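Novice: 3D, please:
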Amino acid sequence: MAQRPHDPPSAVTEEHSAGGRDVMTTTSTTASTTAGATAGTKTGATSGSVRGSAGGSAAGAARGADRGAPSAAAEATAGAVLAGYLHAQAAEFLRSLRLHRESGADAEDASEAARMLRRSARRIAGTLHVYRPLTDVTWTDPLRSELLWLSETLGREYAHAARLARLRGALHRLSGAEGPVGQAGQAGQVGQAGSAGFAGASGARGSAAGGGSLTVGAARAGALLERQLTLARTRAHSAALQALGSSRFHAVADAAAVLASELPLDPAAHDLLAREALPCLAEQAHRRLTDAADALPLAVAGHPYNAEALTHGLAAVPGPDAPPAEGRQDAPWHQVRRLVRLRRYAQEVLDEHVASEAEPTLSVRLLGAGQALDRHRDAAEAAAAAAAAARTPRIAPATAYALGVLHADQRHEVEAARYAFGRIWQRLALPSP
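Specialist: Model (predicted):
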């Protein structure tokens, strides 16, 4: 908008987002017209004076804000920062619980609400574990145990659904059948009839050159996995519904409601500075992660498809009740995955305390390592499900063969995930906070 020569300068305020923080910038614009050299000089001097005054005021305000923000962060106590983060997570837990109750018969909304409920429960439990010395352990330790129980109970149904979708997709891919390939992310659609999903496998026998034995058994293998995993999913769903209606869960919800407004702290946490206590505890979590990761056979996993690991997976077990060899081999990797998750949660608290760009990629690095180990877990559990199905009595040889190929394919995925994690760990070295 054009200004008349004698109008005062107009201030246009714009709001930008820089690194998640709001920054206010003020632009002073002055439009003037000159009737002669003298008027032009006078107008320019006046405009410069106004701009200088406004700029000085804005710069002074900005310097004052910059001085005030670090000062407030430097003086914050560890208890106050930790309580603020857990208040937000507890509020998210209660919000997810309300959405779950309001979902009614909508399975998709209920599933999403349960996922958010598990996410909040994991973050609260993990944060209470990492920063345990700052809390009143007589109150927080039982809550942490109950949140882990709840997260595990609610997660079983989704895990069975995602596993079935993953195995269905792998069978379609390995048999060369045409049609939609199931993906692990389509867990909500796996309740459909499996026999129809595998009809394309039997129909592709004539066109799948060299893969006749696999194609013949793919439909039956898919139907067998469908029956077993759907039954497991149904049982997990019933267990989740029973848990959500139990007095045990109501006690957890009551504790979360308390946590949304108050966090019982150790008396020393009120005096400890957050900039000293929080990084120290996060460093301890980082050291535990480093020690566990250094104990992994990363050199053996230095190839994307490691035949040596597959040989160990086929090794005989000492007894009928002993866990399979591949399960014993996977356990240290699962432990590192849990430690990566704890380290991520510790970093989230630090990021809430100091919103700086000092190490902007640390959270991204932790997320990438966690995603690689998530793929490792999913593939390992899918391989175990295929092996369990292959042990079903009186199944046809073609079915057993298809399940064996499926098991080997998933173990290859396990090795690929280990290889990916090894590259992330060795290349980025996950620097300490």
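Novice: tell me which residues in the helix or strand harbouring residue 415 are buried?
Specialist: Element membership for residue 415 (DSSP states H and E) is helix 397-428. Neighbour-count burial for helix 397-428 flags 398-425 (criterion: 16 or more other Cβ atoms under 10 Å). The way it works is simple: take the backbone N, C-alpha and C, and place the C-beta from them, glycine included.
Novice: got it, and stretch 281-293?
Specialist: Across stretch 281-293, burial judged by 16+ other Cβ under 10 Å covers 281, 282, 285, 286, 288, 289, 290, 292, 293.
Novice: What's the mean pLDDT across the helix or strand where residue 129 lies?
Specialist: Element membership of residue 129, judged by DSSP H and E, is helix 107-130. The average pLDDT within helix 107-130 is 93.
Novice: what about the helices in the stretch 101-250 of the chain?
Specialist: According to DSSP state H, counting those that start in this stretch, the stretch 101-250 of the chain carries its helices in the segments 107-130, 137-175, 194-197, 199-203, 212-244, 247-259.
Novice: Check which helices and strands the longest one sits against.
Specialist: In terms of contacts (3 or more Cβ pairs under 8 Å, 6 or more residues apart in numbering; DSSP states H and E), helix 137-175 is packed against helix 107-130, helix 194-197, helix 199-203, helix 212-244, helix 247-259, helix 362-390, helix 397-428.
Novice: Any chance of those in a markdown table with distance to residue 273 as columns?
Specialist: Formatted as a markdown table, the helices and strands packed on helix 137-175 follow (distance: least, Cβ to Cβ, whole Å):
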| stretch | distance to residue 273 |
| --- | --- |
| helix 107-130 | 18 |
| helix 194-197 | 58 |
| helix 199-203 | 63 |
| helix 212-244 | 40 |
| helix 247-259 | 23 |
| helix 362-390 | 21 |
| helix 397-428 | 30 |
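Novice: nearest to residue 164, of these?
Specialist: Residue 164 sits nearest to helix 212-244 of all the helices and strands packed on helix 137-175, at 4.2 Å, using Cβ to Cβ.
Novice: Give me the helices and strands touching that closest one, please.
Specialist: Short answer (3+ Cβ pairs under 8 Å, 6+ apart): helix 212-244 packs on helix 137-175, helix 194-197, helix 199-203, helix 362-390, helix 397-428.
Novice: re the thing from before, if you count contacts, what does the helix holding residue 415 end up packed against?
Specialist: Using 3+ Cβ pairs under 8 Å, 6+ apart: helix 397-428 touches helix 137-175, helix 212-244, helix 307-313, helix 325-353, helix 362-390.
Novice: buried ones in the first one?
Specialist: Within helix 137-175, the residues scored as buried using 16+ other Cβ under 10 Å are 139-140, 143-144, 146-151, 153-172, 174-175.
Novice: Please identify which of the helices and strands packed on helix 137-175 is closest to residue 95.
Specialist: Closest among the helices and strands packed on helix 137-175, using Cβ to Cβ: helix 107-130, at 7.9 Å.
Novice: Pull out the buried residues from that closest one.
Specialist: Under the neighbour-count criterion of 16+ other Cβ under 10 Å, helix 107-130 has 110-114, 116-118, 120-130 buried.
Novice: Now do the same contact list for the nearest residue to residue 239 once chain neighbours are set aside.
Specialist: Nearest residue to residue 239, sequence neighbours excluded (Cβ to Cβ, 6 or more residues apart in numbering): residue 153, at 6.2 Å. Residue 153 makes contact with 239, 240, 243 under the criterion Cβ atoms under 8 Å, 6 or more residues apart in numbering.
Novice: and if you look at residue 92?
Specialist: 116, 119, 120.
Novice: now swap in residue 100 and tell me
Specialist: By Cβ under 8 Å, 6+ apart, the contact list for residue 100 reads 110, 113, 114, 117, 244.
Novice: go with 6 Å
Specialist: Taking Cβ atoms under 6 Å, 6 or more residues apart in numbering as the criterion, residue 100 is in contact with residue 113.
Novice: how close does it sit to residue 116?
Specialist: 8 Å (Cβ to Cβ, to the nearest Å).
Novice: Go ahead and confirm residue 345 touches residue 125.
Specialist: No - Residue 345 is beyond contact range of residue 125, at 8.9 Å (criterion: Cβ atoms under 6 Å).
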